[in-house]
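Undergrad: Generate coordinates for the sequence data below:
(2 chains)
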Amino acid sequence: MSAERPLRQEDALRADRLVDTPAQIASARPAVAAGWDESADLGRAPATIPELADTPVPDELRVELEAIMAKYPDRHSAVLPALHAAQRVHGWCSPEAIAQVAAVMRVTPAYLSSITTFYDMLNTEPQGTRYVYVCTSVACNLVGAQAVFEALHEAGAGLDDVHVREFECLGACDMAPMASVDGRYIGPLDTSDAPEVIAAVRESRVALPGRGLEALDQRPPDASGTGQPRGESPAAERAASPESTPADEERGDA
Amino acid sequence: MPEMRLLTEGIDTPGLETIEVYEREGGYKALRKALFEMEPEQVLEELEGSGLRGRGGAGFSMGKKASFLPTGEMDKFLCCNADESEPGTFKDRLLMQKNPHRLIEGIAIAAVAAGINRAFIYIRGEYVLQADVLDAAVAEAYESGYLGKRILDTGHSVELVVHRGAGAYICGEESALLDSLEGKRGNPRLKPPFPANQGLFQGPTLINNVETLCNVPLVIERGADWFKSLGSGKSTGTKVVSVSGNVQRPGNYEVELGTPAREIVYGLAGGPPEGRRVKCWFPGGSSAPVLLEEDLDLPYDFEHMAEAGSMLGSGAIIVVDDSVPIVSVALRLAEFYRHESCGKCVPCREGTNWTVKMLERVDTGDATPMDIEITAQVQTNIIGNCLCVLGDSMAMPVGSMVEKFRDEFEQHIEAARNRADRVGVEAGVAAEPHDAAA
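TA: You can find the predicted model right below:
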């Protein structure tokens, strides 16, 4: 084939072809971690555990980290909650945040960055402090999650403080397609909900009140849009016998 | 057949997440029974006798697992696996959010029975609301003396910590969960030694799923014989089934094991949307090989799902209707496992990546029918060759889709190729490689 043909990703083994293509950046699902092909500077001495005396740590954060460490038999166990706490303060796991956690926990910064690069919820780059995770996993995808993500991504484009990204299964396929807004689950979503969700996040309002997981009964309202909540709790009768309650039969026949 | 509600009975009772309401509904009775009326060995016997099997995916006998722990004075641990990340599964979310004290009671009973004094709930970081509910419930249980040192003035101590993960599917694998809980990257460990001998902090560790532990108070309160009378064959008790995908009423339904799958998909969840048919369904989360419409008549239990070449897994049914191209399901699935592979074992790390690339080529029409063959081969080379089953979890469903929908894969390539040609000509886009060959 002639040289004009654009290289397809599969053809190319060159490193520069493997970093994110514009399409991948747009989909917020990077194929490989940024900087993966940068070699380490072996001439540099390894970073040691920062001294607490030389590292300014906000008092609140230090107290919180110490309280977390006290809960576990081994202080290393506190790494995830500690990095979560630092991320809440700094917005992401910045070198500064890592140095502070390292100083309090007495571990090396390298140890902590090995953790931050592994877990999805720990940001290795500056991100908005508010997040919208849109589930685009198998079950959500069957009912149009990709379109919802694209609508939300578009609505949130250009906002520094809001981080809209695709996320793997969030465990709420009963309200699919759904998203997690700062940890609060909302759904089922439609593409037309996107502007409202983003506006609510920017104005620090509760997004789509009444459509969050906390408002759900055991089962979400009917997808048909009748708004009839299903799954009322049956009478407190012990279900030791397989006899059905009237509520059960109603659901079974519907 | 209707639902049979044991775990989800009265789960929408307002305030059930508080200790007052839970105690009023008869909560913590089983813990008192286990502490004051039974010896720890009896509790273990009862659990083993009930035939209660793990609800997290493997389906191993819970009582047997607990009895593997060495006896004697030493640091032993219990980890409740609440890292519910399997696509399609959301039963533990419901149980933890609505009825956290039942889980705490189950943990306390299991801990007392196996002589464990430190317990952890490893909950996925995305479950913010549920973790908050659990935190509050654990604090209440400490205050009421159900947790802590010398619980209910007996000689047993149970410390319980709710540990939040940070978004990694692999941490639902038991040994990766232990590594993550120890503050490392969540990489699976080589087994043996099994966690029952050498687990968390090198101590003997019992790891159970949320739903399994929620069943424990029921077994203790009403006895193993009662529990054994429910379900079918070696699948005793009930199962909370999460139904999702192309169904009219997705949600959690609790049924007796052995209920025909058709009752669950059509009767309870309402079946696929009007005018659509079931194309295939995952009986146990996205890791289970797909089954076809005619398999819906099978009883939904561990044995029958295994016989049909699939598995009950975590008990999550994902229904795919006939409007969805199977290639897109396979591709989305493979992308999930590529993203979640921890990268420790080569067959999984490379295999998931290769599978995604192959399926992308099928999707764009760049593949040849021989590539389908290679895709199937890659899957067989992943299965059983890694430390954990994450790679298998992709290989099994993708392999089953290639096997059962081979014609559709071939038609998909053909259709995409024709479309690609037309688009390429019309838009003046550089031709794709198969044109070069032509």
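
Undergrad: Name the residues of stretch B:185-203 that are buried.
TA: Applying a neighbour-count criterion of 16 or more other CB atoms under 10 Å in any protein chain shown, one finds B:185-189, B:194-196, B:198-201, B:203 buried in stretch B:185-203. Every residue, glycine included, has its C-beta placed from N, CA and C.

Undergrad: farthest pair in those?
TA: When CB to CB is used, the two most widely separated members of the buried residues of stretch B:185-203 are B:Arg185 and B:Ala196, lying 23.3 Å apart.

Undergrad: re earlier: so which of the buried residues of stretch B:185-203 also contact chain A?
TA: The subset of the buried residues of stretch B:185-203 within reach of chain A, by CB under 8 Å from any CB of the partner chain, is B:185-186, B:201.

Undergrad: State the helix or strand in which the residue most central in space within chain B lies.
TA: Taking CA atoms, centre = their mean as the criterion, B:Ser314 is the residue nearest the geometric centre of chain B, at 3.3 Å. Per DSSP states H and E, B:Ser314 falls between elements, in no helix or strand.

Undergrad: who are the neighbours in contact with it?
TA: With CB atoms under 8 Å, 6 or more residues apart in numbering or on different chains as the criterion, the residues that contact B:Ser314 are B:55-57, B:84, B:86, B:88-89, B:91, B:209, B:242, B:284-285.

Undergrad: now the closest residue in space to B:Thr8 that isn't next to it in sequence, which residues is it bridged with?
TA: Leaving aside its sequence neighbours, B:Thr8 sits nearest to B:Glu254 (CB to CB, 6 or more residues apart in numbering or on different chains; 4.6 Å). Beta-bridge pairing for B:Glu254 (DSSP bridges): B:Val240.

Undergrad: Tell me how many other residues surround B:Glu254.
TA: As a burial measure, B:Glu254 scores 23 neighbours (other CB atoms under 10 Å in any protein chain shown).

Undergrad: go on, A:Ala172?
TA: Other residues near A:Ala172 come to 28 when the count uses other CB under 10 Å.

Undergrad: How confident was the prediction at B:Met4?
TA: The predicted local distance difference test score for B:Met4 is 88.

Undergrad: I meant A:Pro6, not that one.
TA: As summarised for this prediction, A:Pro6 has a pLDDT of 49.

Undergrad: can you pull out the strands in the stretch 151-254 of chain A?
TA: A:162-167, A:179-181, A:184-186 (DSSP state E, counting those that start in this stretch).

Undergrad: Select, out of those strands, the one closest to chain B.
TA: Of all these, the one in closest proximity to chain B, counting by CB to the nearest CB, is strand A:179-181 (6.1 Å).

Undergrad: Tell me how far B:Asn31 lies from chain A.
TA: For residue B:31 the amino acid is Leu, not Asn. Computed with CB to the nearest CB, to the nearest Å, the distance linking B:Leu31 and chain A is 18 Å.

Undergrad: got a list of what that residue touches?
TA: Counting by CB under 8 Å, 6+ apart, B:Leu31 makes contact with B:105, B:108-109, B:112, B:146, B:152, B:217.

Undergrad: Give me the phi and psi for the residue nearest to the centre of chain B.
TA: phi -90, psi 0 (degrees, to the nearest 10).

Undergrad: which stretches of the chain aren't confidently modelled?
TA: Just going to use chain A. Within chain A, the set of residues satisfying pLDDT under 70 comprises A:1-34, A:216-254.

Undergrad: To clarify, I was referring to chain B.
TA: Low-confidence segments of chain B, defined by pLDDT under 70, are located at B:1, B:420-438.

Undergrad: Quick check: residues of the stretch 201-350 of chain B near chain A?
TA: Taking CB under 8 Å from any CB as the test, the list of the stretch 201-350 of chain B residues beside chain A reads B:201, B:222, B:226, B:242-246, B:248-252, B:256, B:263, B:267-268, B:270, B:286, B:316, B:318, B:320, B:324, B:328-329, B:332-333, B:335-336, B:339-340, B:342.

Undergrad: So which of these are in strands?
TA: With strands defined by DSSP state E, the entries of these inside them are B:242-245, B:251-252, B:256, B:316, B:318, B:320.

Undergrad: from the buried residues of stretch B:185-203, which is closest to B:Asn385?
TA: The closest of those to B:Asn385 turns out to be B:Pro188 (CB to CB; 13.1 Å).

Undergrad: how near is the closest one to B:Ile207?
TA: Plainly put, B:Pro188 is 13 Å away from B:Ile207 if you go by CB to CB, to the nearest Å.

Undergrad: are any of the residues of the stretch 201-350 of chain B next to chain A buried, and which?
TA: Among these, those scoring as buried are B:201, B:242-246, B:248-252, B:256, B:263, B:267-268, B:270, B:286, B:316, B:318, B:320, B:324, B:328-329, B:332-333, B:335-336, B:339-340, B:342 (criterion: 16+ other CB under 10 Å).

Undergrad: Now do the contacts for B:Arg338.
TA: Contacts here follow CB under 8 Å, 6+ apart; on that basis B:Arg338 touches B:352-353, B:355-356, B:394.

Undergrad: Please, which helix or strand holds the closest residue to it other than its chain neighbours?
TA: Nearest non-adjacent residue to B:Arg338, counting by CB to CB, 6+ apart: B:Thr352, 4.1 Å away. Assigned by DSSP H and E, B:Thr352 belongs to helix B:346-364.

Undergrad: Equivalent analysis for A:Val132, please.
TA: Assigned by DSSP H and E, A:Val132 falls in strand A:130-135.

Undergrad: that older thread, give me the distance between the residue nearest to the centre of chain B and chain A.
TA: B:Ser314 sits 11 Å away from chain A when distances are taken as CB to the nearest CB.

Undergrad: Chain B: strands as residue ranges?
TA: Listed from the start of the chain, chain B has strands (DSSP E) covering B:77-82, B:118-123, B:159-164, B:205-209, B:231-232, B:235-236, B:238-245, B:251-256, B:259-260, B:278-282, B:291-292, B:299-300, B:316-321.

Undergrad: Pull the number of nearby residues for A:Ser204.
TA: The burial count for A:Ser204: 8, using other CB under 10 Å.

Undergrad: Who are the contact partners of it?
TA: Contact criterion CB under 8 Å, 6+ apart gives no residues in contact with A:Ser204.

Undergrad: do B:Glu39 as well
TA: For B:Glu39, no residue counts as a contact, taking CB under 8 Å, 6+ apart as the criterion.

Undergrad: ok, now how distant is B:Val402 from chain A?
TA: Taking CB to the nearest CB as the measure, B:Val402 and chain A are separated by 16 Å.

Undergrad: Most tightly packed of the strands of the stretch 151-254 of chain A?
TA: Of all those, strand A:179-181 carries the top mean neighbour count, a mean of 26, counting by mean count of other CB atoms under 10 Å in any protein chain shown.

Undergrad: List the neighbouring strands of that one plus their orientation.
TA: With DSSP bridges as the test, strand A:179-181 is paired with strand A:130-135 (antiparallel), strand A:184-186 (antiparallel).
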